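J.: have a look at this prediction, sequence included:
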Amino acid sequence: MPHPHSIDACEIDLRVGGRFNTTMNVDGTLIRNEGVFLEIVTGERLVFTDSYSEGWKPAADPFMTAIIEFTDDGRGGTTYTATARHRSSEARQSHEDMGFHDGWGTVATQLEAYAQSLR
């Protein structure tokens with residue numbers, strides 16, 4: 001979650017079909033998001049969606065599917081790619097209007113700082 005916003009609650013069952021539920025705090029507004037993992041390739045790929053909740057229950061108004069990929073950059077580093085798939089151009093535009101590009105870019109920068117701190 002890009003600073004200064006936060007994740008106030010997170011439930012993860014890291015397996016295909018397992019829950020990926022978060023409660024985001026954006027300027028004091030709590031936003032609950034329930035979803036599941038669709039694909040997990042250790043160290044390489046993570047795909048999750050809010051199109052379903054745990055138990056493969058369809059969502060009434062799904063928003064997106066996220067595809068996170070990590071690849072070796074050939075120079076001792078890692079390339080991080082985040083792709084968002086939306087059910088409609090309107091949903092995509094709504095996500096862009098929320099600041100998707102800047103927000104996910106900030107998260108990538110925060111992730112890099114965290115990784116550097118592990119050295």
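T.: Structure's in. What do you need?
J.: tell me what the biggest helix by length in the chain is packed against?
T.: With secondary structure taken from DSSP state H, the chain has its longest helix at helix 100-117. Helix 100-117 sits against strand 78-86, with contacts defined as 3 or more C-beta pairs under 8 Å, 6 or more residues apart in numbering; DSSP states H and E. Quick note: C-beta positions are derived from backbone N, CA and C, even for glycine.
J.: buried set for the strand it packs on?
T.: Neighbour counts using 16 or more other C-beta atoms under 10 Å place 80, 84, 86 of strand 78-86 among the buried residues.
J.: surely Gly103 touches His3?
T.: No. Gly103 sits out of contact with His3 when judged by C-beta atoms under 8 Å, with a separation of 10.2 Å.
J.: tell me which of those two has more neighbours.
T.: Ranked by neighbour count (other C-beta atoms under 10 Å), Gly103 and His3 place Gly103 first, with 15 against 9.
J.: read off the pLDDT value for the closest residue to Tyr52 other than its chain neighbours.
T.: Spatial nearest neighbour of Tyr52, excluding adjacent residues (C-beta to C-beta, 6 or more residues apart in numbering): Val36 at 5.0 Å. Looking at Val36, its pLDDT reads 97.
J.: and for Gly99?
T.: 77.
J.: any idea how far it is from Thr106?
T.: 9 Å (C-beta to C-beta, to the nearest Å).
J.: now do the phi/psi pair for Arg19.
T.: Main-chain dihedrals, Arg19, degrees, to the nearest 10: phi -70, psi 150.
J.: was I right about it contacting Asn33?
T.: No. Taking contacts as C-beta under 8 Å, Arg19 lies outside contact range of Asn33: 10.9 Å.
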